[in-house]
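[1] 3D, please:
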Amino acid sequence: MRLDTLLKMPDLQLRLLVGTDDPARTVRWVYTTDLRDPRRYLSGGELVLTGLAWWHGPKDSEAFVTALAEAGVTALGAGYAGIESAAVPEDLIAACRQHGLPLIEVPVDVSFATITERVLNAVAAASAPRADALLRLHRSLYAGSGDAAGVVAICDTIAGKLDTGCWVLSSTGRFVAGSGGGPPPGERRRLARRALVTEQTIDRLRHSGSASYAVLPTTRRSPCRAAAWFLVVASDPTDWSDEIRELTVEAASLLGMHQARQGETTQLRAEFAERLVRLTLTDDPNPSELNSRLEVVGFAVDEPLIVLSATAAGATPDLLRNVLTELLEPLSIRVAVASLGGEAVGLAATDLDRAADVVRALQEAAAALEPGLSGVRLTVGVSAGATSGTVLRGAIEEARHARRLAEHRAGTCTVVSSEELASHTMLLAAVSEELRRSFRVRLIGPLLEYDARHHSDLVHTLTVFLEHSGSWNRSAARLHLHVNTLRYRIARIEQLTGRDLSSFSDQVDLYLALRLG
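    Numbering: from 1, shown residues only. This next block holds a predicted model:
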């Protein structure tokens, strides 16, 4: 549809604030959003409609418009739902002018659904008949219902065209929607793992024995797919017609938009969860108010809850919240995740007798996410559980201590249970970074310097010796050394550190110094 055709519809009363009604500009699709950065759901040519709920000042306008310009959208339509003044902000106008992005003012009495319907009707009239089915699904998803039925309808459309299975899977292999239950659980996890690192294409096949699958990520331009969905079709795409290929690609795009819309509608629940957690962490929270806020979030008073604390270096708060939600979704029908700056706190209703099973399931799901955590390191601590709002604070602190322990372990995605807090590692996790560094340098600094100068291996020798409880024979065998050579090395270690490795207290000090590395 030509943009100037839309602007000339008299009943819409749209006003062009930036740009010209250039007939060369066409609208391929419509996307409504209040995400701060929606570019991963855009493929170019869209008319983006926004109520400006993301807007708080000039910096927000610049970031939002930059994202749209980089995605290659056709134009931006702005309403006033998210701001107090009934006018498009001047800084948004300036940002659109700077980036050459046409900006349309949408009157307060004109709904986005009406504009969407006009564009889709025009696109349908100009497109091949094969697009009609997805256009109807688009209306179902974004002009009213917005529920899971629309996702199932998309899968059924593709499945019907190919007479095969079509499903939506999450990044952990969780079945989201589709015909039947989808591939077997092991196959779902394998497909999701491969999809996390695939290019944005349907030409890459995922083989399982004699079966072939086409996998399409539903988000675009996203460096991190750890919270993404994937469209999976049990078919070889090299056999597809152009019609099927176009429908499937468009279906994946629609699913990405639907997931984004779901994320926007859960924002309010996240805000209520944040209020609950912040109240819980105050010095003297009122028990009746705590219980009231628990019920608002969706939990019953005295319902068993498991609590998670998570941080993700290199991730935005929104991404961290979405990833933690994805980890929790398979474990409970009621989940709430609050963002506290760089930390996310998750609450999930679950049977506390299953705590060990829950932790194992979280660790498996976290391992499945690792390929999608590009440039992000996720650490998660899990509490033993809470049975009421009055003990929720203790569970949150317990989860935080477990998370600090996770931060000192290797790996891209690490989950630690509070059950592990009974070891010395709990004490190490509570020590400040400055004190940890000072302790380590004083005790084994001379060994590190000696190894660097002489290309020796004294630190590793000490590690193996202590891990084998000071056994000469077992340590020498592990190091592939003669016992006399090991004795020489240990003597050198004692000389450099000033410690006696026949003394248990000196062994403990050196062991802790090694663990602080």
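
[2] Can you pull the domain assignment for the chain?
    Each domain of the chain is listed here as a residue range: 3-117, 130-264, 267-430, 433-515, per automatic domain parsing.

[3] Next, format those domains as CSV and append mean pLDDT, mean neighbour count and distance to Val123.
    The way it works is simple: take the backbone N, C-alpha and C, and place the C-beta from them, glycine included. Written out in CSV, the entries for the domains of the chain read as follows (pLDDT from 0 to 100; neighbours: other CB atoms under 10 Å; distance: least, CB to CB, whole Å):
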stretch, mean pLDDT, mean neighbour count, distance to Val123
domain 3-117, 86, 18, 7
domain 130-264, 74, 19, 7
domain 267-430, 81, 19, 29
domain 433-515, 89, 15, 56
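
[4] which stretches of the stretch 401-517 of the chain form strands?
    In the stretch 401-517 of the chain, strands defined by DSSP state E, counting those that start in this stretch lie at 413-417, listed in chain order.

[5] longest strand of this structure?
    When the chain is scanned for its longest strand (criterion: DSSP state E), the result is strand 305-313.

[6] Could you list every helix and strand that that strand packs against?
    Strand 305-313 is packed against helix 317-328, strand 343-349, helix 355-369, strand 377-382, helix 392-407, with contacts defined by 3 or more CB pairs under 8 Å, 6 or more residues apart in numbering; DSSP states H and E.

[7] tilt between it and helix 317-328?
    For the pair strand 305-313 and helix 317-328, the angle between their directions (axes from the mean of the first three to the mean of the last three CA atoms, to 10 degrees) equals 140 degrees.

[8] and strand 305-313, C-alpha only, in PDB?
    These are the backbone C-alpha positions of strand 305-313, laid out as PDB (Å, rounded to 0.1, in the frame of the first residue of the first chain):
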ATOM      1  CA  LEU A 305       6.800 -20.700  46.400                       C
ATOM      2  CA  ILE A 306      10.300 -21.100  45.100                       C
ATOM      3  CA  VAL A 307      12.400 -18.000  44.700                       C
ATOM      4  CA  LEU A 308      15.200 -17.200  42.100                       C
ATOM      5  CA  SER A 309      17.700 -14.400  41.900                       C
ATOM      6  CA  ALA A 310      19.400 -13.800  38.600                       C
ATOM      7  CA  THR A 311      21.800 -11.400  37.000                       C
ATOM      8  CA  ALA A 312      23.100 -11.400  33.400                       C
ATOM      9  CA  ALA A 313      26.200  -9.500  32.500                       C
END
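
[9] hang on, Ala214 in a strand?
    Yes: assessed by DSSP: H, G, I helix; E, B strand; the rest coil, Ala214 belongs to a strand.

[10] could you list every residue that touches the nearest residue to Ser502 once chain neighbours are set aside?
    Excluding the flanking residues, the one nearest Ser502 by CB to CB, 6 or more residues apart in numbering is Gly470, at 7.7 Å. Gly470 makes contact with 501-502, 507 under the criterion CB atoms under 8 Å, 6 or more residues apart in numbering.

[11] for this protein, longest helix please?
    If you go by DSSP state H, the chain has its longest helix at helix 242-265.

[12] Tell me how far Leu462 lies from Pro102.
    Here Leu462 is placed at a distance of 67 Å from Pro102 (CB to CB, to the nearest Å).

[13] before we move on, back to that, so which of the helices and strands packed on strand 305-313 is nearest Asp156?
    Checking those against Asp156 by CB to CB gives helix 317-328 as the closest, at 24.4 Å.

[14] helices or strands up against whichever helix or strand comes after the closest one?
    Beyond helix 317-328 in the direction of the C-terminus, DSSP states H and E gives the next helix or strand as strand 335-340. Taking 3+ CB pairs under 8 Å, 6+ apart as contact, the helices and strands that strand 335-340 lies on are helix 267-280, helix 317-328, strand 343-349.

[15] C-terminal to the first one, what's the next element?
    Sequence-wise, the next helix or strand downstream of helix 267-280 (DSSP H and E) is helix 287-297.

[16] quick one: the helices in the stretch 1-150 of the chain?
    For the stretch 1-150 of the chain, the helices defined by DSSP state H, counting those that start in this stretch cover 3-7, 58-71, 90-99, 112-126, 132-142, 148-162.

[17] Which residues are in contact with Thr485?
    Counting by CB under 8 Å, 6+ apart, Thr485 has contacts Ala476.

[18] what's the distance between it and His455?
    When CB to CB is applied, the distance between Thr485 and His455 equals 16 Å.

[19] do Leu14 as well
    Note on Leu14: its distance to His455, by CB to CB, is 72 Å.

[20] swap in Tyr41?
    From Tyr41 over to His455 the distance is 53 Å, taken as CB to CB.

[21] Ok, Leu120 next?
    The span separating Leu120 from His455 equals 69 Å under the rule CB to CB.

[22] One more: Ala71?
    With distances defined as CB to CB, the gap from Ala71 to His455 amounts to 52 Å.
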